[in-house]
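>>> this is a predicted model, with the sequence first.
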Amino acid sequence: MKYVYLDQNKWILLAGGWYGGEGEVYDLVCELKKKIESKEVVVVVSLINLDETLKSRGEWRRNRLLEFIFELSQGHTISPFRDWVIDDEVENLFLEPLGKKINIQSKIIRRGVSGVIGMEASLKGDIPEEIKNKLIEKVNSLKTFKTIFSTPESMTQAKKYSSYVKKETHKFEDVRRKERFQKDKKLQFETTLKNFFRDFILWRGICFYFKYNLPIFRGDMGIKDLEDLMKKLPATYTYFSLEERRSRDLSRKIKANDLNDLMSFTMGIAYCDILFGEIMFVDIAKKSKLDKLYGTVITSSLEEFKKAIS
């Protein structure tokens with residue numbers, strides 16, 4: 001089975017071709033639907049895809065795209081990049097020598113509402129287990145998924161999130177310029193890598209060291225050692241690589257869409273088999289060799305996408 005992640009512009013492309021009723025893209029969607037029905041392919045949808053769709057103008061166009069997303073994904077979802085993902089990836093560094101490992105992909109790719117927010121639904125109270133399981137199954141059903149993300153409240157929330165991201169972009173811009181004060185590109189990379197490792201990985205490693213008493217981290221680790229260790233953290237390293245390369249061009253200010261693409265691509269590259277996305281971040285991902293590192297087909301080409309799902 002192949003897990004497929006579609007960037008927002010590709011959802012729009014495929015939906016346009018499907019509703020057009022003929023042509024190359026229509027034929028591709030027909031083939032994709034056959035693969036989905038035979039369980040050869042699972043297309044996952046993210047919260048970012050849904051937010052982008054819900055904030056779009058035009059009720060008819062928005063509802064049509066939503067219906068296409070629901071039909072193609074069948075309620076299969078992929079979690080956003082969250083702190084718990086970094087936790088699990090770092091813990092796996094300590095579990096692997098013990099012959100154990102957290103199956104992170106199974107936690108990230110789920111069904112319905114639980115999957116799309118990256119948190120398993122739970123019920124409080126003294127409820128029999130059988131009834132509890134049936135209720136949770138109902139919460140995560142395609143019907144509930146469609147109902148929740150078709151409400152005016154969901155549209156309002158999506159627009160609020162969009163406004164929040166736009167306001168936050170200047171903070172990312174400030175951090176980027178502080179980290180890029182050095183003209184030497186090698187020193188820029190080393191500074192960024194060290195800062196990221198310190199802020200996101202080191203303290204987690206210390207916590208798991210005390211839990212498992214395994215010396216995974218060493219005091220004499222150089223830049224190459226840190227990078228090699230981070231490569232063992234699929235989503236964490238993907239996020240770092242995409243953000244680091246995107247931030248090199250100081251002449252181009254960070255945009256709200258960049259932040260959405262960054263979060264979107266991170267999970268698709270790290271835990272899916274195929275990512276069909278927009279040109280800029282596909283190019284960044286390939287320059288970072290993330291496709292080779294994690295065995296993911298990363299493409300913006302319709303022809304390459306066709307071959308990947310065949």
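Looks like it came in fine. Numbering: from 1, shown residues only.
>>> from here on, contacts and neighbour counts on C-alpha atoms
Will do.
>>> burial measure for K35, as a count.
Here the neighbour count serves as a burial measure; for K35 (other C-alpha atoms under 10 Å) it reads 18.
>>> surely it meets L28?
No: counting by C-alpha atoms under 8 Å, K35 does not reach L28; the two are 10.6 Å apart.
>>> and the next element down the chain from the helix or strand where E52 lies?
Secondary-structure element containing E52, defined by DSSP states H and E: helix 47-54. Proceeding N to C from helix 47-54, the next assigned helix or strand is helix 59-73, under DSSP H and E.
>>> report all helices and strands that the following helix or strand past that next one contacts.
Proceeding C-terminally, helix 59-73 gives way to strand 76-78 as the next helix or strand, assigned by DSSP H and E. If contacts are counted by 3 or more C-alpha pairs under 8 Å, 6 or more residues apart in numbering; DSSP states H and E, strand 76-78 sits against strand 41-46, strand 109-111, helix 112-117.
>>> just name the most buried of these.
When these are scored by mean count of other C-alpha atoms under 10 Å, the highest mean neighbour count falls to strand 41-46 (a mean of 26).
>>> need phi/psi at P215.
Here the main-chain torsion angles of P215 (degrees, to the nearest 10) amount to phi -80, psi 70.
>>> got the contact list for the residue nearest the centre of the chain?
Residue closest to the mean C-alpha point of the chain, counted by C-alpha atoms, centre = their mean, is M267 at 2.6 Å. Listed by C-alpha atoms under 8 Å, 6 or more residues apart in numbering, the contact partners of M267 are 78-81, 235.
>>> got it, and D228?
In this structure, D228 makes contact with no residue, judged by C-alpha under 8 Å, 6+ apart.
>>> returning to what we had before: any chance of the contacts of M267 in TSV with pLDDT and neighbour count as columns?
Supplementary listing: the contacts of M267 in TSV, determined by pLDDT from 0 to 100; neighbours: other C-alpha atoms under 10 Å:
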residue	pLDDT	neighbour count
I78	93	32
S79	88	26
P80	84	22
F81	88	21
A235	97	25
